[in-house]
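Asker: Sequence first, predicted coordinates after that:
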Amino acid sequence: MKKTRGKPFFHPQSLVDRGARVGGGTRVWAFAHVMAGAVVGADGNVGDHSFVESGARLGDRVTLKNGVSVWDGVTVEDDVFIGPNAAFTNDPRPVSRRQNPFVPTLLKKGACVGANATVVCGVTVGRYAFVGAGAVVTRDLPDHSLAYGNPARVQGYACECRAALVFRSGRAACRACGLRFRKTGASVRRAS
């Protein structure tokens, strides 16, 4: 695990409200806005024109590429990558001038959301799951799944290093890094 690198960096043209919590080593770039009540972990990156609303929670080493908005009710665990212009929602029935209760969304440790993908509220994206560019995620995705399309469907499985996993008799070894996995139904876990 990488050590925190001191104070956060705020670009002079970023807006970080008083009351926002931003961890050491995190960089907030130009025209990004982190609202009071938002939590951003250590050693992360909040790209240009990104927005983190009050009530949103980002873990350590999270990368938000440019143009990503993370709304109240969205929780992003450690080591997650969110590609440019990915979109989240927090209200399944939005109506102007009336606020429905927010529906929580969870991105688990190590997940990756590709550019221009949409993750609708109420879903969980599993540990190390990979959402392809432009996908529309409307239901939960299991750990290590590779999902794309509209609506996103599981098309395969990926290692923590993002290499494709090929299962034979419920077992796979990553050809890139050597990690081993077991698959039972749609559930994939690292083998001990």
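Answerer: That came through, no problem.

Asker: Now the nearest residue to A191 once chain neighbours are set aside. Its backbone dihedrals?
Answerer: Spatially, and ignoring its direct neighbours in sequence, A191 is nearest to R180 (4.2 Å; Cβ to Cβ, 6 or more residues apart in numbering). Yep, even glycine has a C-beta here, placed from its N, CA and C like the rest. Main-chain torsions, R180, degrees, to the nearest 10: phi -110, psi 150.

Asker: Determine the number of other residues adjacent to R180.
Answerer: Neighbour count for R180, taken as other Cβ atoms under 10 Å: 13.

Asker: What of the one 3 residues further on?
Answerer: Burial of K183 is recorded as 18 neighbouring residues (other Cβ under 10 Å).

Asker: which stretch of helix or strand covers it?
Answerer: Taking DSSP states H and E as the criterion, K183 maps to strand 180-184.

Asker: Packing partners of that strand?
Answerer: Using 3 or more Cβ pairs under 8 Å, 6 or more residues apart in numbering; DSSP states H and E, the elements in contact with strand 180-184 are strand 171-173, strand 187-190.

Asker: what does that strand contact?
Answerer: Identification of contacts with strand 180-184 by Cβ atoms under 8 Å, 6 or more residues apart in numbering yields 144, 157, 159, 165, 167, 170-174, 188-191.

Asker: Now the buried members of those residues.
Answerer: The neighbour-count test (16 or more other Cβ atoms under 10 Å) marks H144, Y157, C159, L165, A172, C174, V188 as buried among the contacts of strand 180-184.

Asker: okay, those residues in CSV with pLDDT and distance to Y128 next?
Answerer: CSV is the format used below for the buried ones among the contacts of strand 180-184 (pLDDT from 0 to 100; distance: Cβ to Cβ, whole Å):
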residue, pLDDT, distance to Y128
H144, 97, 5
Y157, 96, 9
C159, 96, 8
L165, 95, 10
A172, 96, 13
C174, 96, 11
V188, 94, 9
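
Asker: measure the closest residue to N45 other than its chain neighbours to E53 for me?
Answerer: The shortest distance from N45 to any non-neighbouring residue, by Cβ to Cβ, 6+ apart, is to T63 (4.7 Å). Distance of T63 to E53, computed by Cβ to Cβ, to the nearest Å: 18 Å.
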